[in-house]
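Trainee: no sequence on this one, just coordinates:
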Ligand SMILES: [Zn+2]
């Protein structure tokens with residue numbers, strides 16, 4: 001009997017969200033909650049693909065401190081432009097094109113990072129993480145390439161609608177198919193876990209699983225389906241203006257320290273010792289906590305070179321930083337919180353049994369590769 005594997009990776013499809021939707025993806029009866037990693041998809045996807053933690057594969061957050069050849073080199077000169085021009089859409093598009101021309105193949109967004117400040121930073125993801133050789137460590141894609149199994153994938157580079165249609169077409173000729181979609185992630189940010197668009201997205205994925213299952217039944221094929229996610233999503237309960245807490249201090253960025261304000265995290269690199277003391281004092285009472293070395297070790301996000309920050313302040317689950325470098329308007333839901341929050345959990349659902357030991361994003365690569373062995377009959 002012909003065997004095939006289909007992996008559908010739905011960004012932000014949390015365990016709680018999927019489990020609460022009646023009848024969702026019913027044919028996938030083997031269900032496992034997965035612990036996620038601290039941070040966002042920029043760290044979670046490389047962990048899924050390599051089976052390693054961020055400090056091992058080097059990817060944690062989208063923006064890291066600059067290296068010698070940052071794609072943002074020279075952007076400091078943008079300081080000379082009027083503020084209105086600095087934040088214009090035209091400039092954003094031109095800068096995005098320039099960054100691509102400078103060789104960045106990975107996913108990035110300039111969001112609302114003040115344009116001159118970009119010069120202090122670098123993008124962690126330079127290559128295509130969905131390709132063989134696209135990560136600093138061997139990945140699922142390298143294994144697939146070596147296996148000789150016909151495989152193909154689609155990711156954020158093409159629209160979800162096309163990807164899902166492609167999946168059903170391509171099934172005829174390919175043995176390992178992989179689709180990544182971030183539409184649900186965007187929908188959740190926009191309307192929260194109870195939104196109608198979120199329901200519609202779930203029905204779409206449910207329908208795909210249903211059609212694939214039906215079709216395999218009809219043709220008598222053995223189709224192994226894996227529905228996977230990288231993290232969940234927490235509904236936003238309140239916002240917090242971290243920048244305002246820092247605005248009144250005698251020390252400021254970028255003069256006395258460098259700061260990056262993610263949606264749930266403020267990260268600092270100190271130029272002067274006094275800056276650290278003032279900033280730490282100013283954030284006392286803010287709804288969050290400083291991550292200590294023990295936290296970073298536990299989450300696998302401690303980097304010897306402090307590429308992602310010398311000090312990291314993490315907001316409490318449900319608190320959104322507004323404004324941040326990612327945006328100035330509130331959102332209905334966010335992720336990037338403490339991975340132990342129940343709504344942060346990811347999932348792996350399948351019509352194939354899932355071994356007991358699979359319980360974290362880093363376990364997924366090993367599982368899928370053992371499935372690949374079983375598919376090709378090369379299992380020991
Ligand atoms: Zn997101």
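Mentor: Everything's here; your move. From a predicted model like this one, the values you see are computed outputs, not experimental measurements. Residues are numbered from 1 along each chain as shown.
Trainee: how about the helices in this structure?
Mentor: Ranges of helices in the chain, per DSSP state H, are 15-20, 41-50, 54-57, 83-86, 89-101, 140-147, 160-170, 183-191, 196-219, 242-247, 273-282, 293-299, 364-376.
Trainee: geometric centre of the chain: which residue is closest?
Mentor: residue 41 (0.6 Å; C-alpha atoms, centre = their mean).
Trainee: looking at it now. What's its pLDDT?
Mentor: In this model, residue 41 is scored at 95, pLDDT.
Trainee: right, and it touches residue 231 too?
Mentor: Yes: applying C-beta atoms under 8 Å as the test, residue 41 and residue 231 come out as touching, 7.1 Å apart. All C-beta atoms are positioned from the backbone trio N, CA, C, and that covers glycine.
Trainee: now do the shared contacts for those two.
Mentor: Both residue 41 and residue 231 are in contact with residue 11, where contact means C-beta atoms under 8 Å, 6 or more residues apart in numbering.
Trainee: which parts of the chain belong to which domain?
Mentor: Domains of the chain are assigned by automatic domain parsing as 3-55+128-235+340-376, 63-122, 237-330.
Trainee: please identify the deepest-packed of those domains.
Mentor: Scoring these by mean neighbour count under mean count of other C-beta atoms under 10 Å gives domain 3-55+128-235+340-376 as the most buried, with a mean of 19.
Trainee: regarding that one, how distant is the last residue from the first?
Mentor: Terminal residues of domain 3-55+128-235+340-376 lie 8 Å apart, using C-alpha to C-alpha, to the nearest Å.
Trainee: likewise for stretch 234-247?
Mentor: Stretch 234-247: ends 28 Å apart by C-alpha to C-alpha.
Trainee: ditto for stretch 349-365
Mentor: End-to-end for stretch 349-365, by C-alpha to C-alpha: 14 Å.
Trainee: next one: stretch 184-200
Mentor: Start-to-end, stretch 184-200 (C-alpha to C-alpha) is 9 Å.
Trainee: outside of it, which residues touch it?
Mentor: Here stretch 184-200 makes contact (C-beta under 8 Å, 6+ apart) with 10-14, 17, 21, 41, 201-202, 205, 233, 235-236, 331-334, 343.
Trainee: so, low pLDDT: which residues of the chain?
Mentor: Residues of the chain that meet the criterion pLDDT under 70 lie in 378-380.
Trainee: switch to 50 and redo it
Mentor: Confidence mapping of the chain against pLDDT under 50 gives the ranges 379-380.
Trainee: quick one on the thing from earlier: so which of the contacts of stretch 184-200 are in strands?
Mentor: Of these, the ones assigned to strands by DSSP state E are 10, 235, 333, 334.
Trainee: for residue 245, state which of the residues you listed is nearest.
Mentor: residue 334 (19.0 Å; C-beta to C-beta).
Trainee: got the contact list for residue 75?
Mentor: Contacts of residue 75 (C-beta under 8 Å, 6+ apart): 95, 115, 116, 118, 119.
Trainee: repeat that for residue 167.
Mentor: Taking C-beta under 8 Å, 6+ apart, we find residue 167 in contact with 6, 8, 154, 177, 179, 208, 212.
Trainee: let's see 10 Å
Mentor: 6-8, 152-154, 174, 177-179, 208, 211-212 (C-beta atoms under 10 Å, 6 or more residues apart in numbering).
Trainee: can I get the ones in strands among the contacts of stretch 184-200 in JSON lines including distance to residue 243?
Mentor: Output for the ones in strands among the contacts of stretch 184-200, formatted as JSON lines (distance: C-beta to C-beta, whole Å):
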{"residue": "10", "distance to residue 243": "33"}
{"residue": "235", "distance to residue 243": "23"}
{"residue": "333", "distance to residue 243": "22"}
{"residue": "334", "distance to residue 243": "17"}
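Trainee: what's the closest of the residues you listed to residue 139?
Mentor: Nearest to residue 139 among these is residue 10, at 19.4 Å by C-beta to C-beta.
Trainee: who's that closest one bridged to?
Mentor: Beta-bridge pairing for residue 10 (DSSP bridges): residue 181.
Trainee: surely residue 229 and residue 11 touch.
Mentor: Yes: judged on C-beta atoms under 10 Å, residue 229 makes contact with residue 11 at a distance of 6.8 Å.
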